[in-house]
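Colleague: prediction below, plus the sequence it came from.
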Amino acid sequence: KKLKKKNGFGIVTYSDQSTLHGTYISSTINGIARFYNNKYKSTFIGEYTDNMPNGYGVYTIKSLSLQGYWKNSILNGIAIEVWDDGTYYQGEYENNKRNGIGLYRWPAGTIYQGEFSNGQMTGKGIIFNSDDSVFSGEMLNGYLNGYGIFSWGSGALYMGYYLQDIKNGFGIYIWDSKIF
């Protein structure tokens, strides 16, 4: 006996009380749907194809809202991440991680604009600090690493090399028009 395929709007409630609301075509969710994960208290509202997020959607969990483009349930492409404490990211994602060019803002106002790799600030970037100091240079796994220029609001300047946020190797300080 052939089972009848489900078509039209439907709601599925899973054993853990998670729910999926959406439009079924031939027994699979296709179109706009809402999934609530009871275990993690998270929600995804967005486009589905063949029972998986595919296309634009918004994922929320506790203090995070993440909106962007998914392919087979994996975030890929441009996305915006907003945390309740004011932390903000806008930029590229690849395989659910920040990857490519992006802008990251901390709650205190510090901003990083530059390259990300595997979820970390890695590559060339600029950090604008809330105290008017600026770093422009190379980053590795979230640290100042490689050549960079650090300028303070007072006009003082350091040009040189860093290793994990610490000045390391050759560098020049310019302070009150004097070179050190």
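Modeller: Perfect, I can see it now.
Colleague: does residue 55 touch residue 47 like I think?
Modeller: Yes: counting by Cβ atoms under 8 Å, residue 55 does reach residue 47; the two are 3.0 Å apart. (Glycine included, C-beta is placed from N, CA and C.)
Colleague: identify the contacts common to those two.
Modeller: Contact criterion Cβ atoms under 8 Å, 6 or more residues apart in numbering; residues shared by residue 55 and residue 47: residue 70.
Colleague: list the contacts of residue 43.
Modeller: Residues in contact with residue 43 (Cβ under 8 Å, 6+ apart) are 34, 35, 36, 37, 59, 60, 61.
Colleague: at 7 Å what do you get?
Modeller: For residue 43, the contacting residues are 34, 35, 36, 60, by Cβ atoms under 7 Å, 6 or more residues apart in numbering.
Colleague: re earlier: tell me which of residue 55 and residue 47 has more neighbours.
Modeller: residue 47 (17 against 13; other Cβ atoms under 10 Å).
Colleague: tell me which helix or strand the more buried one sits in.
Modeller: strand 42-49 (DSSP states H and E).
Colleague: for that strand, output the C-alpha coordinates as CSV.
Modeller: Extracted C-alpha coordinates of strand 42-49, given in CSV (Å, rounded to 0.1, in the frame of the first residue of the first chain):
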residue,chain,number,x,y,z
SER,A,42,16.5,28.5,19.9
THR,A,43,14.4,29.5,16.9
PHE,A,44,15.1,29.5,13.2
ILE,A,45,12.7,31.3,10.8
GLY,A,46,13.5,31.3,7.2
GLU,A,47,13.6,29.5,3.9
TYR,A,48,13.7,25.7,3.7
THR,A,49,14.2,23.3,0.9
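Colleague: so what are the sheet partners of that strand and their directions?
Modeller: Looking at strand 42-49 with DSSP bridges, its partner strands are strand 28-37 (antiparallel), strand 52-61 (antiparallel).
Colleague: possible to save these as JSON lines with distance to residue 141?
Modeller: Below are the strands paired with strand 42-49 laid out as JSON lines (distance: least, Cβ to Cβ, whole Å):
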{"stretch": "strand 28-37", "distance to residue 141": "30"}
{"stretch": "strand 52-61", "distance to residue 141": "25"}
